[in-house]
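In: take this sequence and fold it.
(chains A and B)
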Amino acid sequence: MNSRFRQWLDGGLDEAEMIRIMDASELPDRPREEIRQEARQKKEEFLKQEEIQKEILASRERTRWFYIFVAVLSCVCLIGVLLGLVAHLPRFGVENPLTMEVVTRYVEEGLEETGAVNIVSGMILDYRAFDTLGESNVLFTALVCVLILLRADRKNMQAGREDYYKIRSDQYYDLSHDAIMRFAGMVLMPCIVLYGMYVILNGQNGPGGGFSGGAVMGAGLILSAAAFGFDTVDRIFTLRLSNIITFVSLSFYSLAKGYVFFMGANGYDNHIPKGTPGAILSGGMILPLDIAVGIVVACTMFGFYSLFRRGCIGGKTE
Amino acid sequence: MLAWIRFFIVAAIMLFALSLFVSELLGFYRFGFVMNRVHAAGIGDTLGLFSVILALMIAEGISMVTLKLLLLVLFMWFSSPTSTHFVSQIEYFTNPSLYSHVRREGISEEELSSRDTENKEGGESAPL
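Out: Below you'll find the predicted structure:
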């Protein structure tokens, strides 16, 4: 790679820019008249810019009514289009072969084909599982972006202010030494995590599933971090563990759904037992996929909290 | 007859809870200071919620649903006072003009305001 390009990537200055800055630092040695002239020029430029700004403001004032008119017109058009669409929708519950085909298939044969009592779970994790995989990946990508932006490593922090995060959190927000917080966390945290597991495991039988249950479990992790301190959570939940289980979940999801889609598209039986509808071990691939999605969501939730509060996941800052 | 008695008891408790919630809302939006608003919010979150759920439990009778409602009350009684406690604690530790809101017997207002100036200079608030 070109060394200048690498220099630019690392945030270094261009050679010409360096020379310009060195010239500018030698300003006071020049004759006074020259400096004054330069200052006059700068002032004129500034005044000119101010006039330009005023002109822009005036032109904005002239075109203000035009903008208001266009805004109102576009809003009215949008409202009209949406209302027209609503008026052309088929009446609720009325058979319409054009729009009801997929819905009828889901409602009538969803239980038989997916093994899930909850038709919504059957839809999002069986018929349209590809879409749900995309959503999990979006969450994971969001976590990676926040990690890049907020991680308190050498690149993201000003020199000499490395312990900025630590000082701020220690001063006001660390509640983990409080007896009330510890007791409340001790009582509430197991209930919350247990409820999250219940929601995930019953995703195919009732309302719930990976996303909602994972969010509840993430809330439990956040509560334990707030109640017992990050040191306690860091013993179990490290960045490495988070990376491993997120990667394993997402790749398991992709491989399992890839297998099912491949077999289904080629007309083979995929040999995954459906189980009795209503039991926990039912619904074919829905339960493992729910667990995978839930783990990713829980890790993402806790990762967001940890990154926003102290700038790292799992304790180790570089 | 018994159903009507039950209905009136449930309605009375519900109305009581509703009045509590109205007072909570009024206090929450009309009070100016954080501690007063936390107090108003705490009324609705503990007694108001308990009254609503008690009414629902009486309406339901003894069943699995009643047990779940009881668990709901226990959960809310653990979580809500804890959160209000920490909101007020953060306010106590971070507000430099805290004592201008406090009135207490035996301590004059000048002494209270002098504590405020001490806090502003020292940066850390001392317990009253």
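
In: kindly format the C-alpha coordinates of stretch A:138-155 as PDB.
Out: Output in PDB follows, covering the C-alpha atoms of stretch A:138-155 (Å, rounded to 0.1, in the frame of the first residue of the first chain):
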ATOM      1  CA  VAL A 138     -28.800  -6.200  11.800                       C
ATOM      2  CA  LEU A 139     -28.800  -6.300  15.600                       C
ATOM      3  CA  PHE A 140     -25.300  -7.800  15.500                       C
ATOM      4  CA  THR A 141     -24.100  -5.200  13.000                       C
ATOM      5  CA  ALA A 142     -25.500  -2.400  15.300                       C
ATOM      6  CA  LEU A 143     -23.500  -3.900  18.200                       C
ATOM      7  CA  VAL A 144     -20.300  -3.900  16.100                       C
ATOM      8  CA  CYS A 145     -20.900  -0.300  15.100                       C
ATOM      9  CA  VAL A 146     -21.400   0.800  18.700                       C
ATOM     10  CA  LEU A 147     -18.300  -1.200  19.600                       C
ATOM     11  CA  ILE A 148     -16.300   0.600  17.000                       C
ATOM     12  CA  LEU A 149     -17.600   4.100  18.000                       C
ATOM     13  CA  LEU A 150     -17.700   3.800  21.800                       C
ATOM     14  CA  ARG A 151     -15.000   1.400  22.800                       C
ATOM     15  CA  ALA A 152     -12.700   3.100  25.200                       C
ATOM     16  CA  ASP A 153      -9.400   2.000  23.600                       C
ATOM     17  CA  ARG A 154      -6.400   4.100  22.500                       C
ATOM     18  CA  LYS A 155      -7.900   5.200  19.200                       C
END
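
In: skip the chain neighbours and tell me the closest residue to A:Pro277.
Out: Spatial nearest neighbour of A:Pro277, excluding adjacent residues (Cβ to Cβ, 6 or more residues apart in numbering or on different chains): A:Val117 at 5.3 Å. Heads up, the C-betas are built off the backbone N, CA and C, glycines and all.

In: quick check: that neighbour vs B:His39, distance?
Out: Counting by Cβ to Cβ, to the nearest Å, the gap from A:Val117 to B:His39 is 46 Å.

In: same deal with A:Glu38?
Out: Per Cβ to Cβ, A:Glu38 is found 64 Å from B:His39.

In: quick one, what contacts the residue nearest to A:Pro277?
Out: Residues in contact with A:Val117 (Cβ atoms under 8 Å, 6 or more residues apart in numbering or on different chains) are A:111, A:204-206, A:277-278, A:282.

In: which bits of chain B sit near chain A?
Out: Residues of chain B lying close to chain A (Cβ under 8 Å from any Cβ of the partner chain) are B:75, B:78-79, B:82, B:85-86, B:89-90, B:93-94.

In: of these, which is the nearest to chain A?
Out: Chain A has its nearest neighbour among those in B:Thr82, at 4.2 Å by Cβ to the nearest Cβ.

In: I'd say A:Leu241 and A:Phe302 touch.
Out: No: contact criterion Cβ atoms under 8 Å: A:Leu241 and A:Phe302 do not qualify, at 11.3 Å.
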